[in-house]
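> please work out how this folds:
(2 chains)
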Number of protein chains: 2
Amino acid sequence: MISEKTCFGIIGLGLLGGSYAIALSRKGYRVNGVDVDEAACQKAIENGWCEKAGSDPSILGECDLVISALYPRTFIQWIRENQDVLKPGCLLSDVTGVKRYVISELSRILRSDVEFIACHPMAGREYKGLDYADPDRFRNANYIVVPTENNTEEAVQTGKQLGEILGFRNIVELDAKKHDEMIGYLSQLTHVIAVSLMNANDRTDLAEYTGDSFRDLTRIAFINEDLWPSLFAMNSDLLLSEMDAFIEEMQSFRSLLAAGDEEGMKQKLRLSSERQQLFRKKK
Amino acid sequence: MISEKTCFGIIGLGLLGGSYAIALSRKGYRVNGVDVDEAACQKAIENGWCEKAGSDPSILGECDLVISALYPRTFIQWIRENQDVLKPGCLLSDVTGVKRYVISELSRILRSDVEFIACHPMAGREYKGLDYADPDRFRNANYIVVPTENNTEEAVQTGKQLGEILGFRNIVELDAKKHDEMIGYLSQLTHVIAVSLMNANDRTDLAEYTGDSFRDLTRIAFINEDLWPSLFAMNSDLLLSEMDAFIEEMQSFRSLLAAGDEEGMKQKLRLSSERQQLFRKKK
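The predicted structure follows:
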């Protein structure tokens, strides 16, 4: 478990890694950070977010809990090349938005004396880089611990403890398949819809008439183009079936509209209104 | 044009009609209101929003500017049955969300001594009824005047003047076809998408994981089921083609995902991000 003596290591001082360093250092923990960007490392040291920060992975050698805040493929590549620096018996965690891919890759390559506990802080946003790091965003967000049958109970509890220390509102446990299903529907499908709505029609001339509904639906069409395609690809089986279900539902609405079946459309609106209330109540 | 002596008539004291009565009475104008709901009429009188209010259409006989805040088919039916009560030379306006239908219907049935100027206050919301009336919502909303070639210049200017008196942020003029195209893309398509996203998947068990993106995309899935099916049907040609363009764009994204084409997805994300910024700047 995490104690006041725990030394944290963070790989990647970007939006999320930087937010972790800020949150942990504020609470008095020792944090070392690794990043290829020298300016980010210097900023982290100057602000007291990291005790040591630099491009040399060996500064993680003293860390008890190492968190990767890299993009998923970069994370796997980093482990391949640098896992020798990790302290025997240390715990490794991450922030990746899809889980089956990283769990499966690490199960094949990770040293046997290092345990990996997958975690997903649901607090990403459209901007990237340390300049946008802000742990206050964690207060309204979910933190999901994604254990496998190979995890020790201590690692699972430490993952949850980390979420609490970081200040997340809600900390839950999900298995990798359920996590990726949930992300496929609630997050990835919604982003694909927003992108497609924005791309379907070149009507930026209409911007002055834009109301809340269009703005709400397209806010997330501004999206990190370097990260999301890989997340979509790593979850493509589940995302494809969510997209198919959605497109089928659109086609079904289209048939009612083409037939002038107002009563049929009304039933669909009644169903969606009922469900929307359920999502509202539980939020 | 509207002067301090202008007497306003409002048909239907619901969400929008009530908001009009409140806004106009606050500015000192005389307002008469017609509604089949006695309680609504009484409330409007007690609060000073209407000088006269009741179910008898003849109280509109003294009004210079009569605004229908009824649902579109009810509006046309009301004119058929009650237009005899209108004062010769009075101006008639409305709040309907699609315009080609009402303009075309009224051109066939309206008395020749009454002029109709179509107006669309883009300030509807998901709730209905006088209890939700609130003209403060107009401050952030667009007001669209939709003239035809048969309108007098004075009627067009009076329509705009009404939007200003009501306190709308932005008052613009569009012809009926362009108005209905804009509504088809920015409003109707977005509502069909939200409804379909909500209906595609019975996963209210996921409500506790819901983040901002899903909530933003489904907020408008709670929708007035009595009004919208008729608005969709009255704009079905344009809405169908917007839906087809959107579904085609989703299918195109689906093909890239199925092929694992991350570079292709990245290009789509780059386009949507660029467009989203344009919509943001102009808002």
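> for the rest of this, base every contact and every neighbour count on C-alpha atoms.
OK.
> the domain parsing of chain A - what is it?
A:7-174, A:179-282 (automatic domain parsing).
> just give the number of residues close to residue A:252.
The number of residues packed around residue A:252, counting by other CA atoms under 10 Å in any protein chain shown, is 15.
> check the one 4 residues further on too.
Residue A:256 has 18 neighbours, counted by other CA under 10 Å.
> contacting residues around it?
A:262, A:264, A:265 (CA atoms under 8 Å, 6 or more residues apart in numbering or on different chains).
> for residue A:60, state which of those residues is nearest.
Residue A:60 has its nearest neighbour among the contacts of residue A:256 in residue A:265, at 58.6 Å by CA to CA.
> the closest one sits in which helix or strand?
Remark: residue A:265 resides in helix A:262-282, with elements defined by DSSP states H and E.
> that helix near chain B at all?
Yes: Helix A:262-282 reaches chain B (CA under 8 Å from any CA of the partner chain) through A:262-263, A:265-280, A:282.
> so what touches that helix?
By CA under 8 Å, 6+ apart, helix A:262-282 touches A:253, A:256-257, B:195-196, B:198-199, B:204, B:207-208, B:210, B:218-219, B:221-226, B:228-230, B:233.
> from the centroid of chain A, which residue is nearest?
Centroid-nearest residue in chain A: residue A:97, 3.6 Å away (criterion: CA atoms, centre = their mean).
> distance of it relative to chain B?
Residue A:97 sits 13 Å away from chain B, going by CA to the nearest CA, to the nearest Å.
> swap in residue A:258?
7 Å.
> quick one: that residue from residue A:247, how far?
16 Å (CA to CA, to the nearest Å).
> which one of the two has more residues nearby?
Remark: of residue A:258 and residue A:247, residue A:247 carries more neighbours, 21 against 13, as counted by other CA under 10 Å.
> return the residues in contact with that one.
B:247, B:250.
> which pLDDT value goes with residue A:283?
Residue-level confidence at residue A:283 comes out at 44, pLDDT.
> need phi/psi at whichever residue of the stretch 1-150 of chain A sits closest to chain B.
Across the stretch 1-150 of chain A, no residue is closer to chain B than residue A:142, which sits at 6.7 Å (CA to the nearest CA). Main-chain torsions, residue A:142, degrees, to the nearest 10: phi -90, psi 150.
> same thing with residue A:186?
Torsion angles, degrees, to the nearest 10, at residue A:186: phi -80, psi -30.
> for the nearest residue to it once chain neighbours are set aside, the count of nearby residues, please.
Excluding the flanking residues, the one nearest residue A:186 by CA to CA, 6 or more residues apart in numbering or on different chains is residue B:214, at 5.5 Å. Residue B:214: 25 surrounding residues under other CA under 10 Å.
> name the residues of the helix or strand that contains residue B:214 that are buried.
Using DSSP H and E, residue B:214 maps to helix B:212-218. By neighbour count on 16 or more other CA atoms under 10 Å in any protein chain shown, the buried set for helix B:212-218 is B:213, B:214, B:215, B:216, B:217, B:218.
> would you turn those residues into a markdown table with pLDDT?
Listed next are the buried residues of helix B:212-218 as a markdown table, based on pLDDT from 0 to 100:
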| residue | pLDDT |
| --- | --- |
| B:213 | 83 |
| B:214 | 88 |
| B:215 | 86 |
| B:216 | 87 |
| B:217 | 89 |
| B:218 | 90 |
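> I'd like those residues as TSV, with distance to residue A:45 appended.
Converted to TSV, those look like this (distance: CA to CA, whole Å):
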residue	distance to residue A:45
B:213	34
B:214	37
B:215	38
B:216	37
B:217	40
B:218	42
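> look up the closest residue to the residue in the stretch 101-250 of chain A positioned nearest to chain B, ignoring the ones flanking it.
Using CA to the nearest CA, the single residue of the stretch 101-250 of chain A nearest to chain B is residue A:222, 3.9 Å away. For residue A:222, ignoring the flanking residues on the chain, the nearest one in space by CA to CA, 6+ apart is residue B:273 at 3.9 Å.
> residues in contact with residue A:107?
No residues are in contact with residue A:107 under the rule CA under 8 Å, 6+ apart.
> so which helix or strand takes in it?
For residue A:107, the host element (DSSP H and E) is helix A:100-109.
> same check on residue A:66?
In the assignment (DSSP H and E), residue A:66 maps to strand A:65-68.
> centre of the chain to that strand, how far?
In terms of CA atoms, centre = their mean, to the nearest Å, the centre of strand A:65-68 is found 15 Å from the chain centre.
> next, count neighbours for the residue nearest to residue A:222.
Residues near residue B:273, counting by other CA under 10 Å: 23.
> also the one 4 residues further on?
For residue B:277, the number of neighbouring residues by other CA under 10 Å comes to 14.
> separation between it and residue B:183?
For residue B:277 relative to residue B:183 (CA to CA), the value is 21 Å.
> on that earlier part again, neighbour-wise, which of the contacts of residue A:256 leads?
residue A:265 leads the contacts of residue A:256 on contacts (other CA under 10 Å) with 24 neighbours.
> what are the buried residues along the following helix or strand past the helix holding residue B:214?
Downstream of helix B:212-218, the first helix or strand assigned by DSSP H and E is helix B:228-234. Within helix B:228-234, the residues that count as buried by 16+ other CA under 10 Å are B:228, B:229, B:230, B:231, B:232, B:233, B:234.
> what's the answer for stretch A:19-36, then?
So for stretch A:19-36, counting by 16+ other CA under 10 Å, buried means A:19-25, A:29-35.
> and chain B, which of those reach it?
Answer for these near chain B: none qualify (CA under 8 Å from any CA).
> of those, which belong to helices?
A:19, A:20, A:21, A:22, A:23, A:24, A:25 (DSSP state H).
> could those be laid out in a markdown table, adding pLDDT?
A markdown table is the format used below for these (pLDDT from 0 to 100):
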| residue | pLDDT |
| --- | --- |
| A:19 | 97 |
| A:20 | 98 |
| A:21 | 98 |
| A:22 | 98 |
| A:23 | 98 |
| A:24 | 98 |
| A:25 | 98 |
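> related to what we said a few turns ago, in contact with the residue nearest to residue A:186, which residues?
A:186, A:187, A:190.
> how close does the closest residue to residue A:184 other than its chain neighbours sit to residue A:112?
Nearest non-adjacent residue to residue A:184, counting by CA to CA, 6+ apart: residue A:239, 5.1 Å away. Distance, residue A:239 to residue A:112, by CA to CA: 32 Å.
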